[in-house]
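Visitor: predicted structure and sequence below. I'll ask about it afterward.
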Amino acid sequence: SHFAYFADQRARAQLKSWLLTSPGQEPPKGLGFVHKTPPPAVLAADRLRSAIPAPPPKPTAEVVVVPGIFESMLVQNGKPAWFDYAALATDGLEPLEGASGVLSAGLVPELYEKLVRQLTSRGYQVTPLHYDWRKSLTDAASSLADTLELALVQADTPIHVMAHGAGCLVVALAFAGARGLAARLAARGGRSLLLAPPAEGSVWASALLEGKGPAFDTLVLLNPTGDADAVKRTLNSFLSLRELASGDKGEGAAIRATAAKAAFSVGDSFAISGYGVHTPSSLIDGQLLYHEAGDGMVLLPGAGSATPALFAGVQQFYVRAAHGNLLDNLEVISSIGPLLENRSAPQLSTSCPPVTSPAAQPLDRFVLYPTAEETLNTLFVRQPPREEEITVSVQVTHDDLRNASHPVIVGHYATDTIVGAERALDEALQGALSR
């Protein structure tokens, strides 16, 4: 039982034997770890498919969904590697550093299930462009371009592109090529819908690379050894994260310069940006500055220090929501159909909210080991729904059980010691409980 781990001789012997094993050695017979690898049926693609109804026999249009950084599931040699809480808690992030045998395996279901369900219910065929986000965004852009080329040949219906976060850069890179994809899609009636486009990169990504911010703290806490330097080294090995980082130098600046050549079709391209969430705006002398002109990961266009040249010709809308919540926000979800079909979104605002001055805003650091839900919300910058506040009236009466005028029943755990009120009752009953 719960109270007998160290009283039971067999358990004590097994624990001692396990503690004396060498690193990587199997536990002694009789002891085993909870199996961390879920069966193949619950991998990302299968989980997403099982939760979503099949599209109609003849879809009205195809929507290619391009996720942001970290938003594609990864498997390594057939086992979940990301996003898998058990794998993170057991092995940390380091196994993904330069590892081979890693494949993308679908969209992260916790983020995309509601969105994909909404698209499917409207008669769209959903094509997820998941990718290995450890590599360059240009690799994903090449894959997207090939996917769109094939769709243009095989389908006679409109082909829409929908992207989130860093996925918007992937779309821009694909459109910047010589294939003229944006114009060809528009000629077919296709639209582009960008959620949280990082026009100036992301200071959030820069902070991760520098070992700053709540997301980094979470990954360190989940690391089995708590080695912050190892987590930082692994994050810096992800090229796409460096390409998402803000600044006028480095891989991020180069990627944005290339993406700025994209020719988005005016009138057929739309963006929805979130705001009202403390968003990293700059990193000065190791200190993060925040303001609410962003969604927690990406600043609003024009809120940073540079004038963005990216996403010219894209009509901009705004909604108060965090980065990860844009994927299941009711205002956004209900506006997707009207935007893709009628080029209108009456529920969304076209007025840019006022940009406040940045200020230091220390965020709460995890004190306790993060739960799976806390990890999901922090790494993907989601805000959990607010719980309804309930007022409970509590009355405490202090007295002595020896004054009780009614029978008193005493409960007890087997093998547990008799202490506190239970001991006082035992004494009052002349040791009846002890016997």
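Guide: That came through, no problem. Residues are numbered from 1 along each chain as shown.

Visitor: in this protein, which helix is the longest?
Guide: For the chain, the helix with the greatest residue count under DSSP state H is helix 137-154.

Visitor: pLDDT of that one, averaged?
Guide: Averaging pLDDT along helix 137-154 gives 94.

Visitor: send the alpha carbons of stretch 10-19 over as CSV?
Guide: C-alpha atoms of stretch 10-19 as CSV (Å, rounded to 0.1, in the frame of the first residue of the first chain):
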residue,chain,number,x,y,z
ARG,A,10,10.7,-7.2,-0.9
ALA,A,11,10.1,-3.7,-2.0
ARG,A,12,13.1,-2.5,-0.1
ALA,A,13,15.3,-5.1,-1.6
GLN,A,14,14.2,-4.3,-5.1
LEU,A,15,14.6,-0.5,-4.6
LYS,A,16,18.1,-1.0,-3.3
SER,A,17,19.0,-3.3,-6.2
TRP,A,18,17.7,-0.8,-8.7
LEU,A,19,19.6,2.1,-7.1
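
Visitor: in it, which residues are buried?
Guide: For stretch 10-19, burial by neighbour count (16 or more other Cβ atoms under 10 Å) applies to Gln14. Just so you know, the C-beta spots here come from the backbone N, C-alpha and C atoms, and that holds for glycine as well.

Visitor: so for that stretch, what's the average pLDDT?
Guide: Rounded mean pLDDT across stretch 10-19 is 77.

Visitor: centre of the chain to it, how far?
Guide: Its chain's C-alpha centre and that of stretch 10-19 lie 38 Å apart, by Cα atoms, centre = their mean, to the nearest Å.

Visitor: pLDDT weak spots in the protein?
Guide: For the chain, the stretches flagged by pLDDT under 70 are 1-5, 27-56, 302-309, 355-367, 387.

Visitor: now with 50, please.
Guide: Applying pLDDT under 50 to the chain flags the ranges 34-43, 305, 307.

Visitor: for the closest residue to Glu94 other than its chain neighbours, give me its contacts.
Guide: Leaving out its chain neighbours, the residue that sits closest to Glu94 by Cβ to Cβ, 6 or more residues apart in numbering is Thr234, at 5.1 Å. By Cβ atoms under 8 Å, 6 or more residues apart in numbering, the contact set of Thr234 is 93-94, 96-97.

Visitor: same question, Asp139
Guide: Asp139 neighbours (Cβ under 8 Å, 6+ apart): 131-132.

Visitor: can you give me phi and psi for the spatially most central residue of the chain?
Guide: Residue closest to the mean C-alpha point of the chain, counted by Cα atoms, centre = their mean, is Phe380 at 2.8 Å. Main-chain torsions, Phe380, degrees, to the nearest 10: phi -110, psi 10.

Visitor: isn't it right up against Ala322?
Guide: No - using Cβ atoms under 8 Å, Phe380 makes no contact with Ala322, being 9.1 Å away.

Visitor: wait, is Val75 part of a helix?
Guide: No - counting by DSSP: H, G, I helix; E, B strand; the rest coil, Val75 falls outside a helix, being strand.

Visitor: isn't it up against Val102?
Guide: Yes - Val75 is within contact range of Val102, at 7.2 Å (criterion: Cβ under 8 Å).

Visitor: shared neighbours, the two?
Guide: Residues touching both Val75 and Val102 by Cβ under 8 Å, 6+ apart: Ala81.

Visitor: higher neighbour count, these two?
Guide: Each of Val75 and Val102 has its neighbours counted (other Cβ atoms under 10 Å); Val75 has more, 22 against 18.

Visitor: give me the number of residues near the residue nearest to that one when sequence neighbours are not counted?
Guide: Nearest non-adjacent residue to Val75, counting by Cβ to Cβ, 6+ apart: Ala105, 4.7 Å away. In terms of burial, Ala105 registers 21 neighbours under the definition other Cβ under 10 Å.

Visitor: A strand includes Ala105, no?
Guide: Yes - using three-state DSSP, the assignment for Ala105 is a strand.

Visitor: beyond the longest helix of the chain, next helix or strand please.
Guide: Downstream of helix 137-154, the next assigned helix or strand under DSSP states H and E is strand 159-164.

Visitor: how far does that following strand sit from the chain's center?
Guide: Averaged C-alpha coordinates place strand 159-164 at 19 Å from its chain's average position (Cα atoms, centre = their mean).

Visitor: equivalent analysis for stretch 61-73, please.
Guide: Relative to the chain's own centre, stretch 61-73 is displaced by 13 Å; criterion: Cα atoms, centre = their mean.

Visitor: just the CA atoms of it, as PDB, please.
Guide: Below are the C-alpha coordinates for stretch 61-73, written out as PDB (Å, rounded to 0.1, in the frame of the first residue of the first chain):
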ATOM      1  CA  ALA A  61     -12.000  22.800 -51.800                       C
ATOM      2  CA  GLU A  62      -8.700  21.700 -50.400                       C
ATOM      3  CA  VAL A  63      -7.000  23.400 -47.500                       C
ATOM      4  CA  VAL A  64      -3.200  22.800 -47.000                       C
ATOM      5  CA  VAL A  65      -2.400  23.500 -43.300                       C
ATOM      6  CA  VAL A  66       1.100  24.500 -42.500                       C
ATOM      7  CA  PRO A  67       1.900  24.400 -38.800                       C
ATOM      8  CA  GLY A  68       4.400  26.600 -36.800                       C
ATOM      9  CA  ILE A  69       7.600  25.600 -35.100                       C
ATOM     10  CA  PHE A  70       7.300  22.600 -32.700                       C
ATOM     11  CA  GLU A  71       3.700  22.000 -34.000                       C
ATOM     12  CA  SER A  72       4.600  18.900 -36.000                       C
ATOM     13  CA  MET A  73       4.800  15.600 -34.200                       C
END
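
Visitor: please enumerate the strands of this structure.
Guide: Applying DSSP state E to the chain gives strands spanning 61-66, 72-76, 79-82, 102-107, 124-128, 159-164, 192-195, 269-275, 279-284, 287-291, 315-320, 359-360.

Visitor: ok so, going back, what separation is there between the residue nearest to Val75 and Phe83?
Guide: When Cβ to Cβ, to the nearest Å is the yardstick, Ala105 and Phe83 sit 11 Å from each other.

Visitor: wait, Val381 sits on Asp295?
Guide: Yes - counting by Cβ under 8 Å, Asp295 is a contact partner of Val381 at 7.0 Å.

Visitor: any common contacting residues for those two?
Guide: Here Val381 and Asp295 have 277, 322-323 as joint contacts, going by Cβ under 8 Å, 6+ apart.

Visitor: identify, from those residues, the entry nearest to Ala155.
Guide: Closest approach between the shared contacts of Val381 and Asp295 and Ala155, by Cβ to Cβ: His323, at 31.1 Å.

Visitor: what does that closest one show for phi and psi?
Guide: Per degrees, to the nearest 10, the backbone of His323 is at phi -50, psi -50.
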